[in-house]
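In: give me coordinates for this.
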Amino acid sequence: MLILSFESSAKAASVALVRDGQLVSQSTQCSTLTHSRTLLPMAEDMLKNTELTLKDVDVLAVAHGPGSFTGIRIGVSTVKGLAWGAQKPCVGVSTLEAMAWHGVAAGGIICPVMDARRSQVYNALFEIRGGKPVRLCPDRPIALEELLPELRALPSPVFLVGDGAALTAAFLEKAGLPFRMAPDNLLWQDAWGVAMAAMDKRRRAAAGLSAAQSGRARASGPPV
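Out: Alright, predicted model coming up:
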């Protein structure tokens, strides 16, 4: 399965080509230009440089938030237009779920956080089971003070990812709560995570499983 994915929910815009879970190519741009001027040129250059066309793509994927309303609207509109013109299926995924894929190698509880200003973050919690993130709670805007007792109750330190990781880390450090933090290159949302979340979503849909059911099936063995 070849997925062309788009991430435009934050300051940086990103486009990726992922084939069966393996990154083929990715381009990220964080400039003063709006995403409406960067997404399509990045996608066109990527397809050209990999000697592929939109006809070769099986699925188009996009992050549908949370995040910047304008950025999300641009990304979703871009993907809908491409999918309509090329008659390709498209998949929308949670920005936070896409970010959680950067914690697969770390394992444990993954805590994606996006800075929502005024000491608040967009957040969800995931646990790595069977080599993939399994959702523990819905996406939500939450104050760091409200998030703190949830994290304190967990059995192990969380792994922070996202552009709100530094803000959250400073808050947890002040509160004396241990945590793990992704390296700098994983702190931003990107289109690779969008593609991975989209691939998992399509596989769950084909198997008739929800995200939570998929995690339980992987953890306990195949259903009977």
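
In: can you show me the helices along the protein?
Out: Along the chain, counting by DSSP state H, helices occupy 35-49, 69-86, 95-100, 144-152, 165-174, 191-207, 211-220.

In: show me which positions of the fifth one end up buried.
Out: Neighbour counts over helix 165-174 (16 or more other Cβ atoms under 10 Å) mark Ala165, Leu167, Thr168, Ala169, Phe171, Leu172 as buried. For the C-beta atoms, the positions are set from N, CA and C on the backbone; glycine is no exception.

In: give me the nearest residue to the second one, chain neighbours excluded.
Out: It stands for Leu167. Leaving out its chain neighbours, the residue that sits closest to Leu167 by Cβ to Cβ, 6 or more residues apart in numbering is Asp115, at 5.7 Å.

In: equivalent analysis for the fifth one, please.
Out: In space, and not counting its chain neighbours, Phe171 is closest to Leu144: 4.6 Å by Cβ to Cβ, 6+ apart.

In: count the residues that sit near the one you found.
Out: By other Cβ atoms under 10 Å, 22 other residues sit near Leu144.

In: got the contact list for it?
Out: By Cβ atoms under 8 Å, 6 or more residues apart in numbering, the contact list for Leu144 reads Ser119, Gln120, Val121, Leu167, Thr168, Phe171.

In: try 7 Å
Out: Residues near Leu144 by Cβ atoms under 7 Å, 6 or more residues apart in numbering: Ser119, Val121, Thr168, Phe171.

In: least confident of the helices of the chain, on average?
Out: Mean pLDDT is lowest for helix 211-220 out of the helices of the chain, coming in at a mean of 44.

In: picking up where we left off before, and the helices of the chain, which is most packed in?
Out: Neighbour counts (mean count of other Cβ atoms under 10 Å) averaged over each of those peak at helix 95-100, with a mean of 30.

In: run through who's touching that one.
Out: 9, 63, 65-67, 110, 112, 122-124, 126, 133, 135, 139, 161-162, 189, 193-194, 197.

In: the same query, at a cut-off of 8 Å, please.
Out: 7, 9-10, 63-67, 110, 112, 114, 122-124, 126, 133, 135, 139, 161-162, 189-190, 193-194, 196-197.

In: give me the buried subset of the residues you listed.
Out: Buried by 16+ other Cβ under 10 Å: 7, 9-10, 63-67, 110, 112, 114, 122-124, 126, 133, 135, 139, 161-162, 189-190, 193-194, 196-197, out of the contacts of helix 95-100.

In: about what we covered before: give me the neighbour count for the residue nearest to Leu167.
Out: 18.

In: check the one 10 residues further on too.
Out: Leu125 has 22 neighbouring residues, counting by other Cβ under 10 Å.

In: and it, what does it touch?
Out: Ile109, Ile110, Cys111, Arg135, Leu136, Cys137, Glu150, Val158.

In: and if we set it to 10 Å?
Out: Counting by Cβ atoms under 10 Å, 6 or more residues apart in numbering, Leu125 touches 96, 100, 109-112, 133-138, 140, 147, 150-151, 154, 158.

In: do the same with Pro66
Out: Contacts of Pro66 by Cβ under 10 Å, 6+ apart are 9-10, 72, 94-96, 114, 116, 121-124, 139-141.

In: distance of it relative to Gly193?
Out: From Pro66 across to Gly193, the span is 14 Å (Cβ to Cβ, to the nearest Å).

In: pretty sure Ser36 is in contact with Ala13, am I right?
Out: Yes: the criterion here is Cβ atoms under 10 Å, and Ser36 meets it with Ala13 at 9.4 Å.

In: much appreciated, bye for now.
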